[in-house]
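[1] sequence unknown, structure follows:
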């Protein structure tokens, strides 16, 4: 199911898989105790594939190129305004804060746009999607596209699954949900040293800023981010050199060259670095976090997804990111597909949570505090 969801041209991809073919699983080898569960899973798969075919027939996988060009233009406009504000009106505190706000909008919108290109949901060819992915992520945000695809594909394949979704590998810093606090306090926890979870509701507001983990809940902006921008920048560069992604390195160095050429004469070296880290903001808190249950695609993605109510502002602010079911579907068609997804969820008795944007943000704070209280109630492992 994940294979079908990630690839636009299945026949082309299958050609590269032929040398890896080993054998097929014998159907009679299935444990009889698991027969009912497998039959239920088969129903999920069949109904979801019918929905996917219907989405294709309705044209929901066809991208409106003008929409994405407009999104790209707004990123450019906000970034230019952020620079011109300092260039022509000085570097006083008010002007710096205003430029940070403008640049933050540019960075946030670039995050959503690179997500579109990374999922191959804009152009018909993979090559064109990859090119614009390098522009919006490498040149605009200063991160490795190869690293993002490597991490984000794992996240989509197993969202909110402990040890398999890189977006929730937070145990050295945070615990969220019901399962992670118990796991963090157990002898099986591999992170024996960590920050004090009993204070995570306090330091969360200073450290939570993950610019690349883009789950459907929403973008939640804090400032100034002190932890994740540094960590993810380090991981991006580490991936570049370990995997020898020198093309990515060229795009990323283009970003830093642009940054220092434009802002060093205005802010100096340390001022430019501070400005850079103040605009790297975008995070989320996951829904239910669990171990791998081997669920079918539909219930697994639905369990890990919280949708925000549709409005022009909400869609712009959150990048239209709602259900996870169709990674290659252009985001401007999500609202059109939503009624069909809700109907399928009702058919199978699956919840389809939709929240106002404000409530979604409140739930972020609530979840962090609840997880903090759970960590206090459980005997912790060694804290820093």
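    Nice, I can see it. Here the structure is a predicted model, which means the values were calculated and not measured.
[2] following the helix or strand bottoming out on mean pLDDT in the chain, which helix or strand comes up?
    The weakest-scoring helix or strand in the chain, judged by mean pLDDT, DSSP states H and E, is helix 200-207 (a mean of 63). Following helix 200-207 in sequence order, the next helix or strand is helix 228-242 (DSSP states H and E).
[3] Show the average pLDDT along stretch 101-108.
    Per-region confidence: stretch 101-108 scores 86 on mean pLDDT.
[4] Return the distance of it from the chain's centre.
    Put simply, stretch 101-108 sits 17 Å off its chain's centre (CA atoms, centre = their mean, to the nearest Å).
[5] List the buried residues in that stretch.
    Of the residues in stretch 101-108, 101-108 count as buried by neighbour count, 16 or more other CB atoms under 10 Å. All C-beta spots, glycine's among them, are computed from the backbone N, C-alpha and C.
[6] Would you map the strands across the protein?
    Along the chain, the stretches classed as strands by DSSP state E are 307-308, 354-355.
[7] so which of those is the most packed in?
    strand 307-308 (a mean of 24; mean count of other CB atoms under 10 Å).
[8] That strand packs against which elements?
    Applying 3 or more CB pairs under 8 Å, 6 or more residues apart in numbering; DSSP states H and E, one finds that strand 307-308 contacts strand 354-355.
[9] Who are the packing partners of the strand it packs on?
    On a contact count with 3+ CB pairs under 8 Å, 6+ apart, strand 354-355 meets strand 307-308.
[10] before we move on, the earlier item: now render the strands of the chain as TSV, adding mean pLDDT.
    Below are those laid out as TSV (pLDDT from 0 to 100):
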stretch	mean pLDDT
strand 307-308	82
strand 354-355	84
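[11] Out of those strands, flag the one nearest residue 2.
    strand 307-308 (20.6 Å; CB to CB).
[12] re earlier: closest to residue 197 out of the strands of the chain?
    Of the strands of the chain, nearest to residue 197 by CB to CB is strand 354-355, at 25.8 Å.
[13] Walk me through which strands the closest one pairs with, and which way each runs.
    strand 307-308 (parallel) (DSSP bridges).
[14] what about the residue lying closest to residue 344 once chain neighbours are set aside, distance to residue 347?
    Spatial nearest neighbour of residue 344, chain neighbours left out: residue 51 (5.5 Å); criterion: CB to CB, 6 or more residues apart in numbering. Separation of residue 51 from residue 347 (CB to CB, to the nearest Å): 10 Å.
[15] Same check on residue 73?
    41 Å.
[16] Give me the below-cutoff pLDDT ranges for the stretch 1-150 of the chain.
    Along the stretch 1-150 of the chain, the model assigns pLDDT under 70 to residues 25-35.
[17] roughly how far apart are residue 231 and residue 238?
    Counting by CB to CB, the separation of residue 231 from residue 238 is 10 Å.
[18] And for residue 16?
    To residue 238, residue 16 is 27 Å away according to CB to CB.
[19] Ramachandran angles for the closest residue to residue 173 other than its chain neighbours?
    Among residues not flanking residue 173 along the chain, residue 195 sits closest, at 5.3 Å (CB to CB, 6+ apart). Dihedral pair for residue 195: phi -70, psi 160, per degrees, to the nearest 10.
[20] Show me where the stretch 51-200 of the chain has its helices.
    Using DSSP state H, counting those that start in this stretch, the helices of the stretch 51-200 of the chain run over 65-89, 93-118, 126-133, 140-141, 145-157, 179-185, 200-207.
[21] ok, the residue nearest to residue 344 - how many residues close by?
    Applying other CB atoms under 10 Å, we find 19 residues neighbouring residue 51.
[22] is it true that it touches residue 341?
    Yes: with contact defined as CB atoms under 8 Å, residue 51 counts as touching residue 341 (7.3 Å).
[23] I figured residue 102 hits residue 80, correct?
    No: using CB under 8 Å, residue 102 makes no contact with residue 80, being 9.1 Å away.
[24] tell me which residues of stretch 81-88 are tucked away?
    82-83, 85-87.
[25] Can you tell me which of the residues you listed is closest to residue 332?
    residue 82 (25.9 Å).
[26] contacting residues around stretch 241-249?
    Contact with stretch 241-249 is made by 134, 138, 144-147, 239-240, as judged by CB atoms under 8 Å, 6 or more residues apart in numbering.
[27] Quickly note the distance from residue 115 to residue 90.
    35 Å.
[28] out of these two, which sits in the busier spot?
    Shown here are residue 115 and residue 90; by other CB under 10 Å, residue 115 has more neighbours (22 against 11).
[29] so how far is residue 133 from the more buried one?
    9 Å.
[30] Could you do residue 262 as well?
    On the measure of CB to CB, residue 262 and residue 133 end up 23 Å apart.
[31] Pick out whichever of these two has more residues nearby.
    Remark: of residue 262 and residue 133, residue 133 carries more neighbours, 24 against 16, as counted by other CB under 10 Å.
[32] Hmm, residue 117 and the more buried one touching each other?
    Yes: the pair residue 133 / residue 117 is scored as a contact, 3.8 Å apart, by CB under 8 Å.
[33] which non-adjacent residue is nearest residue 67?
    Once flanking residues are discounted, residue 67 sits nearest to residue 332: 5.1 Å by CB to CB, 6+ apart.
[34] What about the one you found, how many residues nearby?
    As a burial measure, residue 332 scores 17 neighbours (other CB under 10 Å).
[35] Name the nearest residue to residue 248, sequence neighbours excluded.
    Leaving out its chain neighbours, the residue that sits closest to residue 248 by CB to CB, 6+ apart is residue 144, at 4.2 Å.
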